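1. missing the sequence, but the structure's below:
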């Protein structure tokens, strides 16, 4: 039995999120992370993203989208 991957390439990370790799690279360049997910940078310059990163982002997005806005109290 093989071990699951611990890291993903930028292309694999982007594919798991349904976006283009360029989107990930631009966001990383501008903010230092992709919505809080930070890659490891190898000595050769390659970026290795955590394998659970896409799942964490999807779960966080579902929490945010399930929140309701009340004009008197804000987001709840």
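-> Perfect, I can see it now. Predicted, not measured: the structure shown is a model, and the values here were computed from it.

2. Contacts for the helix ranked longest in the chain, please.
-> Ordering each helix of the chain by length in residues (DSSP state H) puts helix 53-66 first. When contacts are defined by Cβ atoms under 8 Å, 6 or more residues apart in numbering, helix 53-66 is touched by residues 8, 13, 16-17, 34-37, 50. (Glycine included, C-beta is placed from N, CA and C.)

3. tell me how far it is from the chain's mean position?
-> 9 Å (Cα atoms, centre = their mean, to the nearest Å).

4. cool, stretch 18-38 as well?
-> Here stretch 18-38 is found 7 Å from its chain centre; the criterion is Cα atoms, centre = their mean.

5. what's in contact with it?
-> Applying Cβ under 8 Å, 6+ apart, the contact partners of stretch 18-38 are 10-11, 13-14, 17, 39, 47, 49-50, 53, 56-57, 60.

6. If any of these are buried, put those into a PyMOL selection.
-> Per 16 or more other Cβ atoms under 10 Å, the buried members of these correspond to this PyMOL selection:
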select buried, resi 10+13+14+17+39+47+49+50+53+57
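
7. Tell me which entries of the contacts of helix 53-66 lie within helices.
-> Residues of the contacts of helix 53-66 located in helices (DSSP H): 13, 16-17.

8. In terms of secondary structure, what does the longest strand along the chain contact?
-> Ranked by residue count and defined by DSSP state E, the top strand of the chain is strand 47-50. Applying 3 or more Cβ pairs under 8 Å, 6 or more residues apart in numbering; DSSP states H and E, one finds that strand 47-50 contacts strand 7-8, helix 10-17, strand 40-41.

9. Touching the first one from outside, list them.
-> Meaning strand 7-8. 16, 40, 48-51, 53-54.

10. any idea how far residue 55 is from residue 16?
-> Applying Cβ to Cβ, to the nearest Å, the value for residue 55 to residue 16 is 8 Å.

11. Can you add distance to residue 23 and pLDDT and give the contacts of stretch 18-38 back as a markdown table?
-> What follows is the contacts of stretch 18-38, written out as a markdown table (distance: Cβ to Cβ, whole Å; pLDDT from 0 to 100):
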| residue | distance to residue 23 | pLDDT |
| --- | --- | --- |
| 10 | 10 | 97 |
| 11 | 12 | 97 |
| 13 | 10 | 96 |
| 14 | 7 | 96 |
| 17 | 9 | 93 |
| 39 | 14 | 97 |
| 47 | 14 | 96 |
| 49 | 13 | 97 |
| 50 | 18 | 96 |
| 53 | 14 | 94 |
| 56 | 17 | 91 |
| 57 | 13 | 90 |
| 60 | 17 | 84 |
